[in-house]
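Asker: coords below, sequence missing:
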DNA sequence: TCTTGTTCCTAGCGCTGCTAGAAAGATCTG
DNA sequence: CAGATCTTTCTAGCAGCGCTAGGAACAAGA
């Protein structure tokens, strides 16, 4: 019994090590630098070990994404709770969201941009993901009016996501970001 | 003189052939199927020939993107001109945009999602790109009010882009797309 | 101490984007 | 028409990728 337990503990530990190494490597050098070879070298095991933990590279990215999402949820929650009014809350969330995408682009990519098979808008979605979306939802709620809250939140979120990704890929000029966010806010928090 | 001219003409023809082959391959099998080897095989030349026309695979994708953008601009223009009112025009543009992204995902990706070095929000941006953005701009103009038209258009476009990409990557449920677009319209065309 | 079962690594497959250097072809000169 | 030149194009290969089969090394129970 105890032997089995120790083994499982060690396995779990190593899995954490892999995820952490992948996250670090992605955040410092970008996802294109995260290869199975470099990852294996970092955790000081051979490549095939990675495949005994994860189905493939995509699954590793998905794991990193889920973890990153928890961080995002924390940020969003803090921003929302620090606000003094619904308007402030929505603005704060928008800021926190932008800031997360700016500070941790690799994480943001893994969660929202890279093609990675994570269940999203379903009950099977990871709790961290649901938590993050829940924060957006609560911030939007005061402005729902007659609109469906879920759909409205998705639309607002899409706006933020679009602004953030288009800017980050050089398709929107960086310097006007906050003004664009302000416009979006104006249109959703009347 | 004439020899030189013929050579240049043939070169230009071959370049077109490459771009067309890349677009076709991408549209039928996705960008991950567009490899330099398969592309070379399609145009019935060896790989190195591709590199005498383009700096690399990214440059080929950029060329396809620019062409695709011209198509998009045509679609948007048609939608705008067919409308009977500013509200209809904006809704029509949104529809045409969504439809383009849905019908030609590879093209949409090359233009707006893939990391490809195209100058965007600058005077050096390809005319096709400026034309497409111009259509959005004209559709948004009637609703600008006190907002800066350029920034407002960018924000509106970001909303559309977010909706489209998040849906396409499975992060938003497909079936409610039109309702989300309607919400976005409501918020921008009051 | 030997056998069993698990864990892990070495080596390799088929692919990628890209390029050096040789071969082949077209063009101009004697 | 023959030979030299210059351009174009191809063959072959590099270093890297994600991923995996098969055997070596190790730990556990008899």
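Answerer: Everything's here; your move. Note that this is a predicted model, so its numbers are computed, not measured.
Asker: contacts and neighbour counts: CA atoms only from here.
Answerer: Fine.
Asker: need the residues of chain A near DNA strand C, please.
Answerer: Contacts of chain A with DNA strand C, taken as C-alpha under 7 Å from any atom of the strand, map to A:7, A:44-49.
Asker: of the residues you listed, keep whichever come out buried.
Answerer: Burial by neighbour count, 16 or more other C-alpha atoms under 10 Å in any protein chain shown: within those this picks out residue A:47.
Asker: ok, the residues of chain A next to DNA strand C vs DNA strand D, which is closest?
Answerer: The closest of the residues of chain A next to DNA strand C to DNA strand D turns out to be residue A:48 (C-alpha to the nearest atom of the strand; 4.0 Å).
Asker: can you tell me how far residue A:164 is from chain B?
Answerer: Residue A:164 sits at a distance of 8 Å from chain B (criterion: C-alpha to the nearest C-alpha, to the nearest Å).
Asker: how many residues are close by that residue?
Answerer: Residues near residue A:164, counting by other C-alpha atoms under 10 Å in any protein chain shown, number 23.
Asker: surely it meets residue A:100?
Answerer: No: assessed by C-alpha atoms under 8 Å, residue A:164 is found out of contact with residue A:100, at 10.0 Å.
Asker: before we move on, the earlier item: from the residues of chain A next to DNA strand C, which land in helices?
Answerer: Among the residues of chain A next to DNA strand C, DSSP state H puts A:7, A:47-49 in helices.
Asker: want to throw these into TSV with pLDDT?
Answerer: Converted to TSV, these look like this (pLDDT from 0 to 100):
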residue	pLDDT
A:7	79
A:47	98
A:48	98
A:49	97
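Asker: CSV for those residues, including distance to DNA strand D?
Answerer: As requested, those are exported to CSV (distance: C-alpha to the nearest atom of the strand, whole Å):
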residue, distance to DNA strand D
A:7, 8
A:47, 5
A:48, 4
A:49, 8
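Asker: what domains does the record give for chain A?
Answerer: Following automatic domain parsing, chain A resolves into domains at A:1-53, A:58-188.
Asker: out of the ones you listed, deepest packed?
Answerer: By mean neighbour count, with neighbours taken as mean count of other C-alpha atoms under 10 Å in any protein chain shown, domain A:58-188 ranks first of the domains of chain A at a mean of 19.
Asker: from the middle of its chain, how far away would stretch A:162-180 be?
Answerer: 18 Å (C-alpha atoms, centre = their mean, to the nearest Å).
Asker: what does stretch A:138-149 give?
Answerer: Distance of stretch A:138-149 from its chain centroid, counting by C-alpha atoms, centre = their mean, is 23 Å.
Asker: quick one: end-to-end distance for that stretch.
Answerer: Stretch A:138-149 has an end-to-end distance of 9 Å (criterion: C-alpha to C-alpha, to the nearest Å).
Asker: anything in whichever strand or helix holds residue A:89 near chain B?
Answerer: According to DSSP states H and E, residue A:89 maps onto helix A:86-103. No: for helix A:86-103, no contact with chain B is found by C-alpha under 8 Å from any C-alpha of the partner chain; the gap never falls below 13.6 Å.
Asker: give me the helices and strands touching whatever helix or strand comes next after that helix, please.
Answerer: Next along the chain after helix A:86-103, taking DSSP H and E as the criterion, comes helix A:105-108. With contacts taken as 3 or more C-alpha pairs under 8 Å, 6 or more residues apart in numbering or on different chains; DSSP states H and E, helix A:105-108 sits against helix A:2-29, helix A:57-82, helix A:86-103.
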